[in-house]
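Chemist: pasting the structure only:
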Ligand code: EPU
């Protein structure tokens, strides 16, 4: 177990915020987690206990007064001594520690021809956090491969196994954000498949894949595709659109894609006939947060860091944003604060020296302008700690 006091969290959040925790503990097994819980109960570790994963979906809003917990449980085991796929069902079950890096598991599955999570390649973070967040991309969600989740109550030390239905998975949501918020995920049992119809119908995935295979998109032989083929195409698309957190700090999409009713979509269509809107259940439409933010002009907007921007206000209208962008493009200002990524405005980035307040101010300004222009309230997908 690794216990640190007055510890910088810089390496533990992909936004690159250099904030401190009074205490930080990385534990290597469920047994060690139980010891941590006992130590806190005895007063040897400060409350509150806040569990993080890879730190890729959080924004530390300042120094943290309490104990940050991180899982170092990294076992990856086949269940029931099944060697890969059992003959009768073509399913292989694996029990994976919450501290395993998510993309290490994705790569392992692709290398071993196991279908299920290839569309979720290259998403930053750990297995435990991926469950809490029900990560999703290119038409797939982690929930689709989960059989059960093992977790420990941080309040009582009780251990329980939750089947998939009890995990309450929804769009970027699970019971671990609500009624199970005080539970730390320790292991996840996944079901992977020996054979599967590749799920390549989202956006440009089929097109990119066919380009890589050198064939025409509609004539691609789906039976010949491997999980590694799909992984490679997803990796290519993600690298072309999303910043690498090791180079440019961010937490991926900052907001969730919002839902809107048909009448609101019709009103937006009057001005923007091409508004992307996907019909879902109950007559609601899912809109693209990136599109809404783009139409408010924020794409490619960058600010100086707060240390040098005391006199600079955040723009309010679409016109203000555009003016600010052109002034800065013409000027010599060092833009090292918060920004909206030039290739995907749903991603708020730290251009180098942004403070938590810079990120929060920009996120608020983006949310306010989308609300004013379209009457839609964006909800952050990023968790503020
Ligand atoms: N768009 C624009 N302008 C842009 C970029 C996108 O208008 O500059 C519009 C386009 O209409 C485009 C649409 O936004 O068709 C959707 O863009 P994209 O396919 O990039 O996906 P997204 O809805 O913005 C979601 C996830 C991503 C995930 C991608 C791919 C959420 C909040 N985000 O983004 O997840 O990788 O789909 O499946 O659901 C994350 O959660 O951190 C994340 C990166």
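Modeler: Received the coordinates, thanks. On a predicted model such as this, the values are computed, not experimentally measured, just so you know.
Chemist: what's the residue of the stretch 51-200 of the chain found nearest the ligand in contact with, if anything?
Modeler: The minimum distance from the stretch 51-200 of the chain to the ligand, using Cβ to the nearest ligand atom, falls at residue 137 (3.8 Å). Every C-beta, even on glycine, is put in place using the N, C-alpha and C of the backbone. By Cβ atoms under 8 Å, 6 or more residues apart in numbering, the contact list for residue 137 reads 119-120, 123, 234, 238.
Chemist: Tabulate these (JSON lines), appending distance to residue 337 and secondary structure.
Modeler: As requested, the contacts of residue 137 are arranged in JSON lines below (distance: Cβ to Cβ, whole Å; DSSP: H, G, I helix; E, B strand; the rest coil):
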{"residue": "119", "distance to residue 337": "34", "secondary structure": "helix"}
{"residue": "120", "distance to residue 337": "31", "secondary structure": "helix"}
{"residue": "123", "distance to residue 337": "26", "secondary structure": "coil"}
{"residue": "234", "distance to residue 337": "31", "secondary structure": "helix"}
{"residue": "238", "distance to residue 337": "25", "secondary structure": "helix"}
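Chemist: Using TSV, please lay out the residues you listed together with distance to the ligand.
Modeler: Shown next, in TSV, are the contacts of residue 137 (distance: Cβ to the nearest ligand atom, whole Å):
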residue	distance to the ligand
119	8
120	9
123	7
234	9
238	7
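Chemist: could I get those residues as a markdown table with neighbour count and pLDDT?
Modeler: Below are the contacts of residue 137 laid out as a markdown table (neighbours: other Cβ atoms under 10 Å; pLDDT from 0 to 100):
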| residue | neighbour count | pLDDT |
| --- | --- | --- |
| 119 | 25 | 98 |
| 120 | 24 | 98 |
| 123 | 24 | 98 |
| 234 | 26 | 98 |
| 238 | 16 | 97 |
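Chemist: of all these, which comes closest to residue 193?
Modeler: Distance to residue 193 across these (Cβ to Cβ) is lowest for residue 119, with 13.2 Å.
Chemist: How about the contacts made by that closest one?
Modeler: Here residue 119 is in contact with 137-140, 199, 202, 205, 230, 234 (Cβ under 8 Å, 6+ apart).
Chemist: any idea how far it lies from residue 172?
Modeler: Distance, residue 119 to residue 172, using Cβ to Cβ, to the nearest Å: 15 Å.
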